[in-house]
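Asker: Sequence first, predicted coordinates after that:
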Amino acid sequence: MSRRRKHAFGYHAGVTIEGTQLACDAAGSATDLIFLSHARALASGAPFRLSPHRAGRRQLLTTEGTLILLGKTGERLRARTLPALVGRAFNLGGLRLQLVPAGYLPGAASLLCDVGDRHILYAGTVGRECSAAGMGPAEVRRAHAVCLDATFGDPRFVLPPFEEAAQSLRRFVETALAGSRTPVLLVSPSGPAPAVVHILQAAGLSLRSHGRFLEAFSRFRRAGAAVPNLRRFSGRLDRNEALLWPPEARDAPVLTALSSPSFAFVSGFSVEPKAIECMRADQGIALSNQAGFDDLLAYLEGTGAQEVALHRGFAETFAELLRRRGYDAYAIDPPRQMELFRG
């Protein structure tokens, strides 16, 4: 009888690659080498726990773009960050490693690791090609085992083609303005917001935004992304202007002073009616910079992997579906509530 091979991924305060000292998007132990795949990978406050005066002997593997997006936290982490270029393989402690473009945020990367005779791919959060945002697509690598972020790992999250979502966005804003209403777009500053701005500015529509968008876009530019300029919202909008607003600030008192506001929730989660209801939005627009359900399946098929670890979101749901398709699929972290402000 053949002995079953041990799974490539485990979980200890985050994803670990078995047989190595690698922890991915995790605080990890004091001896771990921590791979940080993108600037939003850890829970709120976690990047600070990786700061030098708290990190023991831990070292960080990430990209320059991710450090820039982390702002002051990224600067504090530089002293413990190992330099690595995306796309260039290198050796570290007996391991062969390579960072691969993930297509999600500027600097976002997946990690390909050779462990013995196996190629292990921590894909993490895979981006969805969104040409208007100036981001390249995720690059797929062949692997024996892969770990994926299953935020949209449920069949209900099949997202529409980019141009279809863009058309819905333009139509919403133009219809609201034609009806003398104020279009308010609830969208994550570090999510699909750059695409939203590109789409609307290309259509000749004017925008103002919450200050968080100006800060996020400034960091994007420093990280090398092509994002447009924005004007700050100071309490008033000119006629024929739309407003960008972070979903988590939906209850801000200043919004009550707007003239006849019409709200759209711009996110991959907007395919779920309960998410639109939660945001108290008039419409959902399923535009996302994060891979939807069918995108995840296509990515997985491209890797050729038979072993699939899932974390975040609908990990259990996705694992069960993949097992029915013949994959050795398993969830490796506790179930979470939908993170509506991510994608």
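Answerer: Thanks, I have it.

Asker: use CA for all of it now, contacts and neighbours both
Answerer: Noted.

Asker: All the helices of this protein, in order from the start?
Answerer: 46-49, 64-69, 72-77, 162-178, 193-202, 211-222, 273-278, 293-303, 315-324 (DSSP state H).

Asker: Distance to Ala249 and mean neighbour count added to those helices, as CSV?
Answerer: Below are the helices of the chain laid out as CSV (distance: least, C-alpha to C-alpha, whole Å; neighbours: other C-alpha atoms under 10 Å):
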stretch, distance to Ala249, mean neighbour count
helix 46-49, 22, 16
helix 64-69, 21, 23
helix 72-77, 23, 17
helix 162-178, 20, 17
helix 193-202, 15, 21
helix 211-222, 10, 18
helix 273-278, 13, 14
helix 293-303, 28, 17
helix 315-324, 28, 19
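
Asker: These into CSV, with extra columns for mean pLDDT and distance to Ala138?
Answerer: Shown next, in CSV, are the helices of the chain (pLDDT from 0 to 100; distance: least, C-alpha to C-alpha, whole Å):
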stretch, mean pLDDT, distance to Ala138
helix 46-49, 56, 24
helix 64-69, 93, 15
helix 72-77, 90, 23
helix 162-178, 96, 15
helix 193-202, 94, 16
helix 211-222, 94, 18
helix 273-278, 96, 27
helix 293-303, 97, 9
helix 315-324, 97, 20
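
Asker: Out of those, the one nearest Arg128 is which?
Answerer: helix 293-303 (7.3 Å; C-alpha to C-alpha).

Asker: by how many degrees do that closest one and helix 315-324 diverge?
Answerer: Comparing the axes of helix 293-303 and helix 315-324 via axes from the mean of the first three to the mean of the last three C-alpha atoms, to 10 degrees yields an angle of 50 degrees.

Asker: what does stretch 69-89 rub up against?
Answerer: 39, 47-48, 50-52, 58-63, 66-68, 96-101, 106, 109, 216, 219-220, 223 (C-alpha atoms under 8 Å, 6 or more residues apart in numbering).

Asker: circling back to that earlier point, can you add distance to Ala264 and give the helices of the chain back as TSV?
Answerer: Output for these, formatted as TSV (distance: least, C-alpha to C-alpha, whole Å):
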stretch	distance to Ala264
helix 46-49	31
helix 64-69	26
helix 72-77	32
helix 162-178	8
helix 193-202	12
helix 211-222	17
helix 273-278	8
helix 293-303	22
helix 315-324	28
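
Asker: just the buried members of the contacts of stretch 69-89?
Answerer: The neighbour count (16 or more other C-alpha atoms under 10 Å) marks 39, 47-48, 50-52, 58-63, 66-68, 97-101, 106, 109, 216, 219-220, 223 as buried among the contacts of stretch 69-89.

Asker: residues contacting Ser288?
Answerer: If you count contacts by C-alpha under 8 Å, 6+ apart, then Ser288 has 128, 191-192, 266-268, 343 around it.

Asker: now Gly268
Answerer: Contacts of Gly268 (C-alpha under 8 Å, 6+ apart): 157, 159, 285-288, 290, 292, 343.

Asker: Which of the residues you listed fall within strands?
Answerer: Counting by DSSP state E, the contacts of Gly268 place Ile285 in strands.

Asker: Just give the number of residues close to Lys6.
Answerer: 8 (other C-alpha atoms under 10 Å).
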